[in-house]
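Asker: Fold the following and give me the result.
(one chain, ligands or ions: 1)
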Amino acid sequence: MDAILVRGGRPLNGQIPIAGAKNACLTLMPATLLSEEPLTLTNAPRLSDIRTMTQLLQSLGAEVTSLQEGRVISMSSHGAINTRADYDIVRKMRASNLVLGPLLAREGHAEVSLPGGCAIGARPMDIHTDGLGLMGAQIDLRDGYLYAKAVGGRLKGAVIDFPFASVGATENIMMAATLAKGTTVINNAAREPEIVDLADCLRRMGAQIDGDGTASITIQGVDRLGAATHPVVADRIELGTYMLAPAICGGEVELLGGRINLISAFCEKLDAAGIDVTETDKGLKVKRRTARASAVDVTTAPFPGFPTDLQAQMMALLCTASGTSVLEETIFENRFMHAPELIRMGAKIEVHGGKASVTGVERLKGAPVMATDLRASVSLILAGLAAEGETKVSRVYHLDRGYEHVVEKLSTVGADIERVTDQ
Ligand code: EPZ
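Answerer: Below you'll find the predicted structure:
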């Protein structure tokens, strides 16, 4: 397994390009199942999760071709479709469950393995299955698989009130509703930019969708969808992650393709912590105002609140800030696994249930640490960039799921970082 070595203490200066969003691409790709016509995605990120989704769609009979070194994904699912999403692929990535809605809408039935456990939480699918049930799907759980069938052969429109603004459930139901008979309304829908990006793509394919980006989305079902080419929206989580690099190290970095409206709640917290964020014609420029960031309290929430996917990275900054911050994680039940690793680097963190109290220290100390999940792994790299001495982050396969070319991107702005093969 590979590891990443970081030698900290250098200010960072220069530009970092932001790639297309992993969490948009992972819901845009299953949309190919909704049409017999081609779907082409541009500005696609090159990540192992995208390769996993490619494998899954190919196992269902879709043609998926990666062009221009992975930047373009050309897909087509004309002809026979296999409706069984096997456990051995689904268990690798929870987002595999996003084929459930499209398969049901297209074929009237689907057999999708439950994703299984995940480091950050149980992550059940009750909101997905209850919503599809209201649309006329009969769903049974047997031997670890969801066996779903549209009663009468075709889903029908319904009014669905979500108990929680689930991102994946909003995506599954929205895709299923595009081909249902009648109108579907999703209330308390997720409002993330990736939801709007999916709606934009589906409209390009001929779907009739309104209200995406608000808490109430209306989808008027149609009989068939057509071809489309769609650019994947910029990755707001990668953006926020790299914005924290100059915040924690000093210097000034411009994030190419970044836009404040993708992460305004995060930018407000950076401002409160003493970090300047300026919009330029190419993206966002980030610079720390003083020699040390200031403590701020953070509570994660569904969009437009502070993103849970930036909580671990923000904790790394707050470990070096002056004062004590309280981080509250409200989305997942086990998303502080980076805390013990940061403590190994000299951080002062106390975790009580969903809250972590962080008292900043002048300097973190480099140490061997272990990545436990995707966002925790990059939080440890950020801490290593600011620490005295060398930090070795092992199990970086977590990182490869959601960040392309981390070493290259950080090296170009002056970081002392390299990837090595771990014994
Ligand atoms: C998406 O996951 C993202 N993944 C996650 O990013 C992100 O953290 C999450 O949304 C929240 O923003 C992708 O888009 C591929 P949810 P998703 O359904 O759809 C509970 C990353 O690091 N819940 O909004 O699974 C669930 O257990 C990943 O890129 C139910 O209880 O998130 C969780 O506690 C991590 N029942 C909360 O809701 C359900 O049926 C949020 O889940 C569905 C969800």
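Asker: Write out the residues of the protein neighbouring the ligand.
Answerer: 23, 26, 94-95, 121-128, 164, 166-169, 308-309, 331-332, 374-375, 402 (C-beta under 6 Å from any ligand atom). Quick note: C-beta positions are derived from backbone N, CA and C, even for glycine.
Asker: Buried ones among those residues?
Answerer: Among the residues of the chain next to the ligand, those scoring as buried are 23, 26, 94-95, 123, 125, 127-128, 166-169, 308-309, 331-332, 374-375, 402 (criterion: 16 or more other C-beta atoms under 10 Å).
Asker: Show me the residues you listed that map onto helices.
Answerer: Counting by DSSP state H, the part of those found in helices is N23, L26, I127, H128, V167, G168, A169, L374, R375.
Asker: Grab the nearest non-local neighbour of the second one.
Answerer: This points to L26. The spatial neighbour of L26 that comes closest, neighbours along the chain excluded (C-beta to C-beta, 6 or more residues apart in numbering), is A95 at 4.2 Å.
Asker: The fourth one too?
Answerer: Counting by C-beta to C-beta, 6+ apart, the nearest residue to H128 once its immediate chain neighbours are dropped is A169, at 4.5 Å.
Asker: ok, the one you found to G346 distance?
Answerer: With distances taken as C-beta to C-beta, to the nearest Å, A169 is found 40 Å from G346.
Asker: likewise L225?
Answerer: 54 Å.
Asker: who has more neighbours, those two?
Answerer: Neighbours per residue (other C-beta atoms under 10 Å) separate L225 from G346, with L225 holding more: 24 against 18.
Asker: Make sure that one is actually in contact with R204.
Answerer: No: assessed by C-beta atoms under 8 Å, L225 is found out of contact with R204, at 9.4 Å.
Asker: need the helices for the stretch 51-200 of the chain, in chain order.
Answerer: Counting by DSSP state H, counting those that start in this stretch, the stretch 51-200 of the chain has helices at residues 87-90, 100-107, 126-134, 167-177, 193-204.
Asker: Reformat those as CSV; add mean pLDDT.
Answerer: Putting these into CSV (pLDDT from 0 to 100) gives the following:
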stretch, mean pLDDT
helix 87-90, 93
helix 100-107, 97
helix 126-134, 97
helix 167-177, 98
helix 193-204, 98
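Asker: Now render these as JSON lines, adding distance to G211.
Answerer: Below are the helices of the stretch 51-200 of the chain laid out as JSON lines (distance: least, C-beta to C-beta, whole Å):
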{"stretch": "helix 87-90", "distance to G211": "30"}
{"stretch": "helix 100-107", "distance to G211": "18"}
{"stretch": "helix 126-134", "distance to G211": "16"}
{"stretch": "helix 167-177", "distance to G211": "10"}
{"stretch": "helix 193-204", "distance to G211": "9"}
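Asker: Strands of the stretch 301-423 of the chain, residue ranges please.
Answerer: 324-328, 348-352, 355-359, 368-370, 390-394, 416-421 (DSSP state E, counting those that start in this stretch).
Asker: is it possible to export the ones you listed to CSV including mean pLDDT?
Answerer: Conversion of the strands of the stretch 301-423 of the chain to CSV gives the following (pLDDT from 0 to 100):
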stretch, mean pLDDT
strand 324-328, 98
strand 348-352, 98
strand 355-359, 98
strand 368-370, 96
strand 390-394, 97
strand 416-421, 96
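Asker: Save these as a markdown table, and put in mean neighbour count too.
Answerer: Shown next, in a markdown table, are the strands of the stretch 301-423 of the chain (neighbours: other C-beta atoms under 10 Å):
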| stretch | mean neighbour count |
| --- | --- |
| strand 324-328 | 19 |
| strand 348-352 | 14 |
| strand 355-359 | 19 |
| strand 368-370 | 20 |
| strand 390-394 | 21 |
| strand 416-421 | 14 |
